[in-house]
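Participant: Need a 3D model of the sequence below.
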Amino acid sequence: MTRLNWLALSCLLAGPVLAGNPVTAERQQELRNLMIQDCGSCHGLTLRGGLGPALLPSMLRGKSAAYISTMILEGRPGSAMPGWRPLLSEAEAHWIAELLLRGDLLPEQGS
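Facilitator: Numbering: from 1, shown residues only. Next up is the predicted model:
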């Protein structure tokens, strides 16, 4: 496991995550940091693409939050995209999916 993955794991495990519970404001900030640091390492720091595809609203058009949250939790077999289910609840994955669909992660992200 890389140093970055260990850091992400320790940050995520620092706050208890219970599936079905609402995503608190504190946890939302942790998840935003996760998106920038960990997702950004493959999808680009502004999520405009890199090793992984861009995660801008224009690129996600036609995909539902349920579909995106499943990709987050299960990963994509045959690709570098890992499943995050051991570290994220379904509610958190859905919150991230909604954030991506709205384009609300970074102010300069745009669609």
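Participant: quick one: which helix or strand includes Gly83?
Facilitator: For Gly83, there is no enclosing helix or strand under DSSP states H and E.
Participant: need the contact list for it.
Facilitator: Going by C-beta atoms under 8 Å, 6 or more residues apart in numbering, Gly83 touches Leu73, Glu74, Gly75. The way it works is simple: take the backbone N, C-alpha and C, and place the C-beta from them, glycine included.
Participant: Leaving out the residues flanking it, which one is nearest to the residue most central in space within the chain?
Facilitator: Taking C-alpha atoms, centre = their mean, the centroid of the chain lies closest to Met35, which sits 4.8 Å from it. Once flanking residues are discounted, Met35 sits nearest to Leu105: 5.6 Å by C-beta to C-beta, 6 or more residues apart in numbering.
Participant: right, and the helix or strand after the helix or strand of the chain with the lowest mean pLDDT?
Facilitator: In the chain, no helix or strand scores lower on mean pLDDT, DSSP states H and E than helix 3-14, which sits at a mean of 42. With elements assigned by DSSP H and E, the helix or strand that comes after helix 3-14 is helix 25-34.
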